[in-house]
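S.K.: Let's see this in three dimensions:
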Amino acid sequence: MARVLIVGAITVLGLASCGANRPGGVELVPSVASRSQALPTDLPPMKAFAGSRTDQPTRPNSEIAGDFLDLAFELESGRTLPVLSRFEGPVTLALRGEAPASMRADLDRLIGRLRSEAGIDIRVGTDGRPASTKPASITVEVIRKRELQRVVPNAACFVAPNVSSWAEYKRARYADRSDWTRLTSREQMAVFLPGDVSPQEMRDCLHEEIAQALGPVNDLYRLPDSVFNDDNFHTVLTGFDMLILRAFYAPELASGMTRSEVAARLPGLLARLNPAGGTGMPRAGTPTPPAWKTAIETALSGAGAPPDRRDAATRAVEVARNEGWHDTRLAFSLFALGRLNLGVNSDLALTAFREAERIYAAVPATRLQAAHMGVQLAAHALSMGNAETAIAIADSHMAPVKQAENAALLATLLMIKAEALDLRGRDAEAQLVRLDSLGWARYGFGSDAEVGARLAEIAAIAPRVRS
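M.R.: Model prediction:
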């Protein structure tokens, strides 16, 4: 299954700069010249997250069991998987292609987490070779982004069954052995990801695609705390994800089991693995109507004319409200509506982001999602010259962003804070914060050109006049 290009890059500039470009619109930017910010000649070293996440699932086991069943026995397309499939026995992994040093370090961290948190016997050989003389269970092949998207246009990266190389995948992609619904166990999986993108994007692909090579191949928009969600807010495996994978490889389960057989074992299994979640039979989640999924995917897929995509986002919000949702699906619909109205209708975008932030901020499990709304609101405050508000918003979201290991979002918040500190005349502090942001930006955005572009974009929305 593929990591789809839906949300993509963090967009912050529209609220701050779009008013003047919208005929008849309310201008949100003060009528002052914007400032510029040059990229330092000597950039600080790239930063990376060294620790591991320690968050634990907070939802009841009965709800988690329902999520497990939907993740394990359905595909993103809606097709049903007749039986559970997994690797039986130790899992080996081989890395092929030109993998940067940062990717190898992130892969080592991920393998360590899968072993310690999910209890999976998985290892990678020296220099990326299989950890045995047998063919690798999972092959991770690094290719160029252009080549990957030439074959699978809307994918950032993806996993495929019963192949071990890019060449083999291209030959077998339409063969029966590449059909997930025919799997009764897993013997060989291949993950394909680009090596010419930012370190963070490579890491995100490693987490989601290796997790899907091992376990669920479905994504559920209703999940607030998981990478198994096409909203792409969570990009590093969470405590919930590790629990799902630990359950996938628990001795109570085996390849070939049906949904009903797995459902009968889940209550006791989850009570053992997650005692704090209590007991109870699997509880079905609120179904997501196809009309909403079609609307949200049309809105954020990147295809289609902008007016059509905005209309689709509006339909997604309408469906969510008609369904009576007050969860992540309504908030995500509002986020999509806000993003697509950046540069078009600033008032609507700002209102949508504010409502989405209120929904996300109300639940601890969605503090990261709230931070994605917060970066929009902080950018807006900065553009209006409200430096203290921008600083307060940025500071309030730092902790969940660091916990989620999202360097791109962290760098953007720090850049906004630095510009706001400049507005307040706190130049020395602003320079320290800006230098900190650049280290994270090198991991989150990649090339020096991308880092410089983001720095300039944030500087451009700040008014030159100090508050």
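S.K.: was I right about residue 165 contacting residue 96?
M.R.: Yes: using C-beta atoms under 8 Å, residue 165 makes contact with residue 96 at a distance of 7.3 Å. (C-beta placed from N, C-alpha, C; glycine too.)
S.K.: So between these two, which is more surrounded?
M.R.: residue 96 (18 against 14; other C-beta atoms under 10 Å).
S.K.: Residue 330 and residue 362 touch, don't they?
M.R.: No: using C-beta under 8 Å, residue 330 is not in contact with residue 362; the gap is 11.7 Å.
S.K.: Neighbour count for those two, which is higher?
M.R.: residue 330 (21 against 11).
S.K.: For residue 98, which non-adjacent residue is closest in space?
M.R.: Closest residue to residue 98 apart from its sequence neighbours, by C-beta to C-beta, 6 or more residues apart in numbering: residue 195 at 5.4 Å.
S.K.: ok, now how distant is that neighbour from residue 452?
M.R.: As judged by C-beta to C-beta, to the nearest Å, residue 195 and residue 452 stand 22 Å apart.
S.K.: one step back: can you list residues touching both of residue 165 and residue 96?
M.R.: Residues touching both residue 165 and residue 96 (C-beta atoms under 8 Å, 6 or more residues apart in numbering) are 139, 141.
S.K.: contacting residues for residue 262?
M.R.: Counting by C-beta under 8 Å, 6+ apart, residue 262 makes contact with 68-69, 72-73, 84, 253.
S.K.: is it possible to export the residues you listed to a markdown table including pLDDT and secondary structure?
M.R.: Output for these, formatted as a markdown table (pLDDT from 0 to 100; DSSP: H, G, I helix; E, B strand; the rest coil):
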| residue | pLDDT | secondary structure |
| --- | --- | --- |
| 68 | 97 | helix |
| 69 | 97 | helix |
| 72 | 97 | helix |
| 73 | 97 | coil |
| 84 | 98 | coil |
| 253 | 98 | coil |
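S.K.: Closest one to residue 158 out of those residues, please.
M.R.: For the contacts of residue 262, the minimum distance to residue 158 (C-beta to C-beta) is 18.6 Å, reached by residue 72.
S.K.: quick check: domain ranges of this structure?
M.R.: 2-48+288-460, 61-277 (automatic domain parsing).
S.K.: Relative to residue 55, which of those is closest?
M.R.: domain 61-277 (4.2 Å).
S.K.: need the helices for the stretch 251-400 of the chain, in chain order.
M.R.: 259-273, 290-300, 306-322, 328-340, 346-361, 367-383, 387-403 (DSSP state H, counting those that start in this stretch).
S.K.: Can you lay out those as CSV showing mean pLDDT and distance to residue 244?
M.R.: Formatted as CSV, the helices of the stretch 251-400 of the chain follow (pLDDT from 0 to 100; distance: least, C-beta to C-beta, whole Å):
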stretch, mean pLDDT, distance to residue 244
helix 259-273, 97, 10
helix 290-300, 94, 21
helix 306-322, 97, 25
helix 328-340, 96, 17
helix 346-361, 96, 22
helix 367-383, 96, 18
helix 387-403, 97, 19
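S.K.: Kindly present those as TSV, with separate columns for distance to residue 90.
M.R.: Formatted as TSV, those follow (distance: least, C-beta to C-beta, whole Å):
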stretch	distance to residue 90
helix 259-273	20
helix 290-300	37
helix 306-322	44
helix 328-340	36
helix 346-361	40
helix 367-383	33
helix 387-403	31
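S.K.: Nearest to residue 208, out of these?
M.R.: helix 367-383 (15.3 Å).
S.K.: For the closest one, name the packing helices and strands.
M.R.: If contacts are counted by 3 or more C-beta pairs under 8 Å, 6 or more residues apart in numbering; DSSP states H and E, helix 367-383 sits against helix 13-17, helix 328-340, helix 346-361, helix 387-403, helix 407-423.
S.K.: please redo it, this time with the cut-off set to 10 Å
M.R.: helix 13-17, helix 328-340, helix 346-361, helix 387-403, helix 407-423, helix 448-460 (3 or more C-beta pairs under 10 Å, 6 or more residues apart in numbering; DSSP states H and E).
S.K.: Just want the angle from it to helix 328-340.
M.R.: 30 degrees (axes from the mean of the first three to the mean of the last three C-alpha atoms, to 10 degrees).
S.K.: pull the CA atoms of helix 367-383 into PDB?
M.R.: The C-alpha trace of helix 367-383 is given here as PDB (Å, rounded to 0.1, in the frame of the first residue of the first chain):
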ATOM      1  CA  ARG A 367      -2.400  17.800  20.100                       C
ATOM      2  CA  LEU A 368      -0.100  17.200  17.100                       C
ATOM      3  CA  GLN A 369      -3.000  17.900  14.700                       C
ATOM      4  CA  ALA A 370      -3.800  21.100  16.700                       C
ATOM      5  CA  ALA A 371      -0.200  22.200  16.100                       C
ATOM      6  CA  HIS A 372      -0.700  22.000  12.300                       C
ATOM      7  CA  MET A 373      -3.600  24.400  12.800                       C
ATOM      8  CA  GLY A 374      -1.500  26.500  15.200                       C
ATOM      9  CA  VAL A 375       1.200  27.100  12.600                       C
ATOM     10  CA  GLN A 376      -1.400  28.700  10.400                       C
ATOM     11  CA  LEU A 377      -2.700  30.900  13.200                       C
ATOM     12  CA  ALA A 378       0.800  31.900  14.400                       C
ATOM     13  CA  ALA A 379       1.600  32.900  10.800                       C
ATOM     14  CA  HIS A 380      -1.500  35.000  10.700                       C
ATOM     15  CA  ALA A 381      -0.700  36.700  14.000                       C
ATOM     16  CA  LEU A 382       2.800  37.400  12.700                       C
ATOM     17  CA  SER A 383       1.500  39.000   9.500                       C
END
